[in-house]
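>>> only the shape, not the letters, is given here:
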Ligand code: HQG
């Protein structure tokens, strides 16, 4: 049997990032939905998630993908959204001088031409350490880690944001700010 924490995490990623309409819920523009509505609608779509299981998914998730509001009544995905319902107003902050992006070898030619693009997601995802980037890149094929000159981008006026779970986000990275790590 599949691990209930992992399968629930995948289900919640799908619903809270990409397709809230698939279980008839709406997210506010910051990505939040009431926990009670989420659990009721999940149950109505053959997904029984107990409050305890939800708590375990939020607490144990290796990437802290989900955030509970301080009073515990609302939940959101920390990052990775593609649904147009959500437009989190992240506060722009100064990034570390260097950030990393993990990708796959077969994307490199296109990235050298176009730079990094957000694609389906709302942002390009970057990490503060090369090891995390390596793991992200592995999901797509033979991993390659790129170094992003975040200090130069910041000086040029590009904005950077830090998600609840400490993923660095930016709109796009032009090729001149990229180098092999
Ligand atoms: C690539 C996971 C061609 C980009 C991870 C990446 C992350 C281009 C792929 C989060 C390109 C998009 C996000 C261009 C970018 N030409 N390819 N111009 N620009 N790409 O999955 O960054 O498990 O949407 O390099 O940990 O891999 O979901 O983004 O390979 O934080 O919580 O296009 O997803 O987190 O792939 O991963 P993705 P990502 P979760």
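Nice, thanks for sending it over. All values derive from a computational prediction rather than experimental measurement.
>>> for the chain, what lies in contact range of the ligand?
When proximity is defined as CB under 6 Å from any ligand atom, the chain approaches the ligand at 63, 65, 80, 103-104, 107, 110-111, 114, 116-117, 119-121, 125, 136, 139-140, 167. Using the backbone N, CA and C atoms, a C-beta is placed for each residue, glycine as well.
>>> again, only this time at 8 Å
Residues of the chain lying near the ligand by CB under 8 Å from any ligand atom: 13, 17, 63, 65, 79-80, 101-104, 107, 110-111, 113-121, 124-125, 127, 132, 135-137, 139-140, 165, 167.
>>> put the buried members of these into a ChimeraX selection.
Of the residues of the chain next to the ligand, the buried ones go into a single ChimeraX selection, burial set by 16 or more other CB atoms under 10 Å:
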select :13,17,65,79,80,101,102,103,104,107,111,115,116,124,125,127,132,136,137,167
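>>> so of the residues of the chain next to the ligand, which ones are in helices?
Members of the residues of the chain next to the ligand lying in helices (criterion: DSSP state H): 13, 110-111, 113-114, 132, 135-137.
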